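Peer 1: what's the 3D shape of this:
(one chain, ligands or ions: 2)
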Amino acid sequence: MKNLLTIAGSDCSGGAGIQADLKTFAAHGTFGMSVIVSVVAENTSRVISIHDIPSQIVADQIDAVFEDIAVDGIKIGMLSGADQMRTVSEKLRFYRPSGVVLDPVMVAKGGRALMHPEALETLKAEMLPQAFLLTPNIPEAEAITGMEIHTVKDMEKAAVILRSMGPRYVLVKGGHLTGDAVDILYDGKDYRSFTTERIPTKNTHGTGCTLSSAIAANLANGAEVPEAVSAAKEYVTTAIRHALPIGKGHGPTNHFYNLYKSGGILQ
Ligand SMILES: Nc1ncnc2c1ncn2[C@@H]1O[C@H](COP(=O)(O)OP(=O)(O)OP(=O)(O)O)[C@@H](O)[C@H]1O
Ligand SMILES: Cc1ncc(COP(=O)(O)O)c(N)n1
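Peer 2: Ligands and ions are numbered 1, 2, ... in the order given. Predicted coordinates:
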């Protein structure tokens with residue numbers, strides 16, 4: 001069994017962040033571990049408050065994992081500020097894990113910032129060069145590149161700019177556009193698109209967290225990048241199609257349906 005680590009924020013309502021990542025890891029038959037960078041008091045409707053964990057404790061959690069357990073795959077999500085980014089970046093340079101999937105989380109579905117805007121330059125300088133695969137959504141890709149994205153062609157242009165900033169692969173997610181849900185993967189040479197019908201639902205809390213964790217798990221389980229992305233897209237699509245109508249806002253993706261489908265849970 002592969003050991004997967006998520007470095008991200010905690011969503012107490014269980015739909016996004018660390019909680020979505022660990023559920024996704026489990027559904028992929030991997031052993032999940034977590035380094036909590038921020039505690040977010042949030043639910044399906046709103047973010048109430050954000051408490052950043054002190055940098056030393058973030059560093060200690062990373063040491064605690066790496067000094068003891070082989071890390072086969074890693075996903076990085078919400079890093080709220082420049083301090084957190086510098087701490088994580090320093091540890092990544094020290095431990096040199098392979099296949100880092102970086103989801104540059106900036107804003108929660110309800111609109112509240114999860115990353116301080118002034119940390120953008122640190123994200124670019126410290127984090128992007130350490131990413132094997134970067135998975136921005138449209139607003140995140142726009143913020144990092146400074147360009148507007150309205151079409152799949154724009155997504156391709158943004159992917160080229162993003163890749164020039166360091167990641168080996170870029171996957172621009174099209175969940176925020178209209179029409180089919182199209183994601184574009186760029187490897188420096190070719191584009192590959194992953195397309196599904198848009199599912200008419202408001203229950204999309206944690207879709208990006210779910211997708212990036214599924215990619216990290218698939219990579220650790222031995223898949224090549226296009227296959228890892230394709231299987232993760234299928235996983236998140238199923239999780240959205242069967243999303244749970246929990247709470248008053250954007251309900252969470254459904255990992256249990258995937259597990260049930262794969263025979264991991266007996267009815
Ligand atoms: N309504 C939908 N129907 C089908 N697929 C969707 C839908 N919404 C999002 N997706 C897919 O879900 C994945 C995550 O994309 P999205 O753009 O929502 O990420 P995100 O905004 O980072 O997610 P989040 O911040 O909610 O965790 C992508 O593969 C995207 O195409
Ligand atoms: C801790 C944490 N990490 C990531 C997200 C993004 O997910 P969403 O855009 O669905 O709110 C979140 N809401 N909370």
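Peer 1: residues making contact with the longest helix belonging to the chain?
Peer 2: When secondary structure is assigned using DSSP state H, the longest helix within the chain turns out to be helix 225-241. Contact with helix 225-241 is made by 24, 27-28, 133, 169, 171, 181, 183, 185, 187, 192, 194, 196, 199, 201, 203-204, 207, 210-212, 214-215, 218-219, 223, 253-255, 257-258, 261, as judged by CB atoms under 8 Å, 6 or more residues apart in numbering. Placement of C-beta: from N, CA and C, glycine included.
Peer 1: hmm, it touching ligand 1?
Peer 2: Yes: applying CB under 6 Å from any ligand atom, one finds helix 225-241 touching ligand 1 at K233, V236, T237, I240.
Peer 1: from the contacts of helix 225-241, which ones fall inside helices?
Peer 2: Among the contacts of helix 225-241, the ones falling in helices (DSSP H) are 24, 27, 207, 210-212, 214-215, 218-219, 255, 257-258, 261.
Peer 1: out of the residues you listed, the closest to ligand 2 would be?
Peer 2: For the ones in helices among the contacts of helix 225-241, the minimum distance to ligand 2 (CB to the nearest ligand atom) is 6.2 Å, reached by T207.
Peer 1: can you pull the contacts of the closest one?
Peer 2: Remark: with contacts taken as CB under 8 Å, 6+ apart, T207 is in contact with G175, V236, A239, I240, T253.
Peer 1: same check, this time on T210
Peer 2: With contact taken as CB under 8 Å, 6+ apart, T210 is in contact with A20, T24, Y235, V236, A239, T253, H255.
Peer 1: widest-spaced pair of those residues?
Peer 2: Farthest apart among the contacts of T210 by CB to CB are A20 and Y235. That separation is 11.7 Å.
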